[in-house]
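Chemist: Here is a sequence with its predicted model. Questions after.
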Amino acid sequence: MQSKWLIVAETAEYLKMGRSTVYKLLKDGKLPAHKAGKLAPHEERRQ
């Protein structure tokens, strides 16, 4: 079985809910997630 990774906007559309709801579900651990790629310039790691 091959899995497909979705971005938040695609997940929200698929689940018929808002992006903020998807983010809340991710934060609460109710949706599986994995962060991939580099951090955006405004998301630099805090030390």
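Modeler: Everything's here; your move.
Chemist: where does the protein dip in pLDDT?
Modeler: 1, 39-47 (pLDDT under 70).
Chemist: let's see it at 90
Modeler: 1-5, 34-47 (pLDDT under 90).
Chemist: give the contact list for the residue most central in space within the chain.
Modeler: Among the residues of the chain, the one closest to the centroid is residue 8, at 4.5 Å (C-alpha atoms, centre = their mean). Going by C-beta atoms under 8 Å, 6 or more residues apart in numbering, residue 8 touches 19, 22, 23, 26. All C-beta spots, glycine's among them, are computed from the backbone N, C-alpha and C.
Chemist: Now, of those, which are buried?
Modeler: residue 22 (16 or more other C-beta atoms under 10 Å).
Chemist: Now, the contacts of residue 8 that are in helices?
Modeler: Among those, the members falling in helices (DSSP state H) are 19, 22, 23, 26.
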